[in-house]
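**Student:** sequence first, predicted model second:
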Amino acid sequence: MNATGTRYVNMIREIWSIDMPNHGESAVLNRAYLEDRQERGRKEGWDGKCTTMDFTSYLNAFLSIPQLQGHRVVGIAHSGSSTPWTNVFTLLKPRTHPHPFALLFIEPVLMFPGMSSTDPRVAHSNANMRGSLVKRDKWSNRAEAKRWLLGIQGSGPEDRRHQRKDINISGGAKEKESQSPNVGSGHGKSIKNGKARGKTLWSKWDSRVLDLFVEHALEDVCQPTPLLPGSANSTATTVKSRSCVRSMNRKEEESSLYAHSQHTIEPEHLAHMCAALGLGGGGVHIMWAESEEYISQSSRDGILEAASHRVVSDRVVPGSGHLVPQETPRELAETLYDVLVGHVAVAAGVTMRASL
């Protein structure tokens with residue numbers, strides 16, 4: 001449906017969402033394997049954690065499934081997910097499938113050999129590696145988790161125990177906040193249920209996205225807790241159970257994926273992919289955040305130059321920070337629509353027909 005409310009049909013056949021093996025529900029299903037892999041890695045001298053190349057192989061296997069044969073696949077990737085899509089096209093040979101037909105990159109964190117340590121992408125990668133290891137990832141229930149994510153302080157002893165003077169709950173360096181609260185926008189401080197809303201990473205998210213995250217990105221766990229010595233009927237093996245919720249993605253698995261080496265590609269690979277998809281498909285399209293905090297204008301120019309300026313279109317999603325899908329989902333949807341209708345469908349020879 002476009003901005004005027006006209007609905008178009010015969011364009012999208014189906015939508016697939018792909019988790020990394022250590023993210024989301026995939027992490028729950030793969031938990032035993034992931035733990036075994038890490039144990040083997042420690043014994044063999046490597047960390048055993050998933051890498052972007054692991055996801056590249058996983059993505060390539062998905063693109064080879066029979067259900068996709070004879071269809072045009074349009075890949076949509078955000079941030080670090082752009083790296084595996086690039087690797088699939090350029091590193092895995094021979095390719096066993098003709099996909100993708102087109103690629104839509106949202107704030108792609110693509111890095112190149114020899115980048116300066118002062119580049120915002122490198123600086124943020126290092127900060128995220130450290131921050132993800134110290135941030136809280138366990139709460140008594142989902143309501144407490146949501147309060148913490150929003151920066152609502154004073155929820156209970158657990159909140160106070162996890163506060164640190166040098167780290168805010170977004171995992172980055174603590175920022176000075178304005179003393180005058182702003183209500184409603186979710187940026188900066190606001191008032192919710194009579195409590196101050198802090199300036200956190202998650203407080204900038206669309207409220208619907210945050211609710212979905214709290215519901216589906218956390219898992220219920222039941223942990224045995226030994227009784228204190230001297231408790232009634234206590235023995236060495238007596239335990240009680242305590243239920244809580246925690247992130248499906250373990251902190252140590254998340255941290256390693258932020259390393260800039262995980263997202264470093266050769267410039268000529270990016271140029272080759274853009275040229276190939278531009279000639280035989282719908283091309284590569286990039287959607288940037290309005291904020292340049294994570295990927296500066298000079299970094300964007302560097303990515304476009306590395307692509308030999310063969311990116312078919314690039315544009316800015318209004319009002320967005322780096323986490324475009326979480327912060328501005330509607331604006332992103334409208335931008336994706338414009339690219340799919342204005343470029344990809346045309347390249348595919350799809351005739352757009354408005355529904356009655």
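**Tutor:** Now that the structure is in, tell me what you want to look at. Keep in mind that what you see is a predicted model, and the values were worked out from it rather than measured.

**Student:** any stretches of the stretch 51-200 of the chain with poor pLDDT?
**Tutor:** 153-198 (pLDDT under 70).

**Student:** could you redo the last one with a cut-off of 50?
**Tutor:** 155, 162-196 (pLDDT under 50).

**Student:** touching, residue 62 and residue 20? I think so.
**Tutor:** No: at 11.8 Å, residue 62 does not count as touching residue 20 under the criterion of C-beta atoms under 8 Å. Heads up, the C-betas are built off the backbone N, CA and C, glycines and all.

**Student:** so those two - more neighbours on which side?
**Tutor:** residue 20 (23 against 16; other C-beta atoms under 10 Å).

**Student:** skipping adjacent residues, who's closest to residue 86 in space?
**Tutor:** Of all residues not flanking residue 86 in the chain, residue 265 sits nearest, at 5.5 Å (C-beta to C-beta, 6 or more residues apart in numbering).

**Student:** right, and that neighbour touches residue 109 too?
**Tutor:** No: applying C-beta under 8 Å as the test, residue 265 and residue 109 come out as separate, 10.6 Å apart.

**Student:** neighbour count: those two, which is higher?
**Tutor:** residue 109 (23 against 20).

**Student:** what helix or strand is that one on?
**Tutor:** Using DSSP states H and E, residue 109 maps to neither a helix nor a strand.

**Student:** contact partners for it?
**Tutor:** Residues in contact with residue 109 (C-beta atoms under 8 Å, 6 or more residues apart in numbering) are 79, 80, 82, 83, 121, 125, 263, 294, 295.

**Student:** state the pair within these that is farthest apart.
**Tutor:** 83 and 294 (15.1 Å; C-beta to C-beta).

**Student:** most neighbours, which of the contacts of residue 109?
**Tutor:** Using other C-beta under 10 Å as the neighbour criterion, residue 82 leads these with 27 neighbours.

**Student:** can you give me the pLDDT of residue 230?
**Tutor:** Predicted confidence (pLDDT) at residue 230: the value is 58.

**Student:** same question for residue 283.
**Tutor:** 97.

**Student:** and the strand or helix carrying residue 103, what does it pack onto?
**Tutor:** Element membership of residue 103, judged by DSSP H and E, is strand 102-106. Here strand 102-106 touches strand 74-78, helix 82-90, helix 267-280, strand 283-289, helix 329-339, going by 3 or more C-beta pairs under 8 Å, 6 or more residues apart in numbering; DSSP states H and E.

**Student:** for the ones you listed, which one sits closest to residue 30?
**Tutor:** helix 82-90 (16.8 Å).

**Student:** check which residues of that closest one are buried.
**Tutor:** Using 16 or more other C-beta atoms under 10 Å as the burial criterion, the residues of helix 82-90 that qualify are 82, 83, 84, 85, 86, 87, 88, 89, 90.

**Student:** of the residues you listed, closest to residue 152?
**Tutor:** When those are compared against residue 152 (criterion: C-beta to C-beta), the nearest one is residue 82, at 33.7 Å.

**Student:** thought that closest one was touching residue 104?
**Tutor:** No: taking C-beta under 8 Å as the definition, residue 82 is not a contact partner of residue 104, at 9.7 Å.

**Student:** identify the neighbouring strands of the strand holding residue 103 in the sheet and state each direction.
**Tutor:** strand 74-78 (parallel), strand 283-289 (parallel) (DSSP bridges).

**Student:** now the ones you listed in CSV, with mean neighbour count?
**Tutor:** Below are those laid out as CSV (neighbours: other C-beta atoms under 10 Å):
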stretch, mean neighbour count
strand 74-78, 21
strand 283-289, 25
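
**Student:** can you redo those strands as JSON lines with distance to residue 206?
**Tutor:** Below are these laid out as JSON lines (distance: least, C-beta to C-beta, whole Å):
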{"stretch": "strand 74-78", "distance to residue 206": "15"}
{"stretch": "strand 283-289", "distance to residue 206": "14"}
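
**Student:** nearest to residue 317, of these?
**Tutor:** Of these, nearest to residue 317 by C-beta to C-beta is strand 283-289, at 5.4 Å.

**Student:** what is the mean pLDDT for the helix or strand that that closest one is followed by?
**Tutor:** On the C-terminal side of strand 283-289, the closest following helix or strand by DSSP H and E is helix 297-306. For helix 297-306, mean pLDDT is 96.

**Student:** what comes up buried for helix 297-306?
**Tutor:** 299, 300, 302, 303, 304, 306.

**Student:** mind checking how far the last one is from residue 91?
**Tutor:** To tie it back to what came earlier, the one meant is residue 306. 16 Å (C-beta to C-beta, to the nearest Å).

**Student:** ranges for the helices of the stretch 1-150 of the chain?
**Tutor:** 24-29, 31-44, 52-63, 82-90, 120-134, 142-150 (DSSP state H, counting those that start in this stretch).

**Student:** can you put these in CSV and add distance to residue 12?
**Tutor:** Shown next, in CSV, are the helices of the stretch 1-150 of the chain (distance: least, C-beta to C-beta, whole Å):
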stretch, distance to residue 12
helix 24-29, 22
helix 31-44, 33
helix 52-63, 17
helix 82-90, 18
helix 120-134, 32
helix 142-150, 32
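
**Student:** out of those, deepest packed?
**Tutor:** helix 82-90 (a mean of 24; mean count of other C-beta atoms under 10 Å).

**Student:** helices or strands up against it?
**Tutor:** helix 52-63, strand 74-78, strand 102-106, helix 267-280.
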